[in-house]
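Chemist: Sequence and predicted model, in that order:
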Amino acid sequence: MKNTPVIQALREVNEEFKRLEQEHRELDEKILLFNKKSFLSSTEEVEKKRLQKLKLLKKDMMTSLIMSYKKQIATKRAQ
């Protein structure tokens, strides 16, 4: 994810966001290890797909937190 002011703020105030971001990064590293192999066994292929889905889930969860945070900011400004 891009390093925007909203993401920076979430990193500072939201432990869940920091945890999700770290887990997302770790999953990315694991997937990269699979991508470096010239051949994957069927078990490895299944694991790679599982990790990719999990990584996408983490990204969706972070996006949801970002949207909620932006909504909070907009609501505070409107008051």
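Modeler: Perfect, I can see it now.
Chemist: Phe17: how many residues sit nearby?
Modeler: 19 (other CB atoms under 10 Å). Where you see a C-beta, it was placed from the backbone N, CA and C, and this is true even at glycine.
Chemist: Which helix or which strand is home to the nearest residue to it once chain neighbours are set aside?
Modeler: Among residues not flanking Phe17 along the chain, Leu10 sits closest, at 4.3 Å (CB to CB, 6 or more residues apart in numbering). Following DSSP states H and E, one finds Leu10 within helix 5-13.
Chemist: which strands and helices sit next to that helix?
Modeler: Helix 5-13 makes packing contacts with helix 15-36, helix 42-78 when contacts are defined by 3 or more CB pairs under 8 Å, 6 or more residues apart in numbering; DSSP states H and E.
Chemist: Make TSV out of these and add mean pLDDT and distance to Pro5.
Modeler: Rendered in TSV, the data for the helices and strands packed on helix 5-13 read as follows (pLDDT from 0 to 100; distance: least, CB to CB, whole Å):
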stretch	mean pLDDT	distance to Pro5
helix 15-36	98	14
helix 42-78	96	10
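Chemist: returning to what we had before: if I pick the residue nearest to Phe17, what's in contact with it?
Modeler: Contacts were defined as CB atoms under 8 Å, 6 or more residues apart in numbering; by that measure Leu10 touches Phe17, Lys18, Leu65, Ile66, Tyr69.
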